[in-house]
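J.: generate coordinates for the sequence data below:
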Amino acid sequence: MSYNVLVVDDSKTARMMLVKTLRVSGLKINEVFTAENGAHALEMLRENWIDLVITDLHMPVMSGMEMVEKMAADGLLSTLPVIVISSDASQQRMDELHGHGIRDYLCKPVRPERVKEVVESILEAAP
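T.: Coordinates of the predicted model:
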C-alpha cells in the first residue's frame, strides 16, 4: 500500500524540503500534495484522499492551529493522523495540540531522518 501525504506550510522552501524528504525516504509514498495555509489544506482534504497531514502552525489566512481545531470539530483527527512541525516549542502549545489529537509534534529545525522516522512509525501503525 502506498500513501498520500499533505504538506502544509506558508514557506515554499519548507514545503519543497518536506516533499523531497518524503520522496527520497524510501517510504511507500504515492502522492504528496501541498498547501500554503490551513484554509487551502482543508480544501485539499475535501478534494483528495489523504493518509497523513504534516503542517506548520504559523501561517497567514488560516493557521495550523485553526486547521487542527476545524479538523477536530469535524472528527477528522480521529482517523487522519497529523504531524505538526513548528518553531513554536512551548509545552503549552504541544499539550494543546495533543489534546486535539495530533500524532506528533516536531520542533524546527528538524532533521530529514527524524521526519522519516516519525512518518514511518505513524504510517506503519495505520490500519
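J.: export the helix or strand bottoming out on mean pLDDT in the chain as PDB, just CAs?
T.: One helix or strand of the chain scores below all others by mean pLDDT, DSSP states H and E: helix 91-100, with a mean of 80. Only the C-alpha atoms of helix 91-100 are listed here, as PDB (Å, rounded to 0.1, in the frame of the first residue of the first chain):
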ATOM      1  CA  GLN A  91       5.000  22.900  26.100                       C
ATOM      2  CA  GLN A  92       1.500  24.600  26.400                       C
ATOM      3  CA  ARG A  93       1.100  24.600  22.600                       C
ATOM      4  CA  MET A  94       2.300  21.000  22.300                       C
ATOM      5  CA  ASP A  95      -0.100  19.900  25.100                       C
ATOM      6  CA  GLU A  96      -3.000  21.800  23.400                       C
ATOM      7  CA  LEU A  97      -2.400  20.200  20.100                       C
ATOM      8  CA  HIS A  98      -2.000  16.700  21.500                       C
ATOM      9  CA  GLY A  99      -5.300  17.400  23.300                       C
ATOM     10  CA  HIS A 100      -6.900  17.900  19.800                       C
END
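J.: in the following helix or strand past that helix, what's buried?
T.: Reading on from helix 91-100 to the C-terminus, the next helix or strand found by DSSP states H and E is strand 104-107. Of the residues in strand 104-107, 104, 105, 106 count as buried by neighbour count, 16 or more other C-beta atoms under 10 Å. All C-beta spots, glycine's among them, are computed from the backbone N, C-alpha and C.
J.: from the contact counts, what lies against strand 104-107?
T.: Where contact means 3 or more C-beta pairs under 8 Å, 6 or more residues apart in numbering; DSSP states H and E, strand 104-107 is packed against strand 82-86, helix 91-100, helix 112-125.
J.: change it to 7 Å
T.: strand 82-86, helix 112-125 (3 or more C-beta pairs under 7 Å, 6 or more residues apart in numbering; DSSP states H and E).
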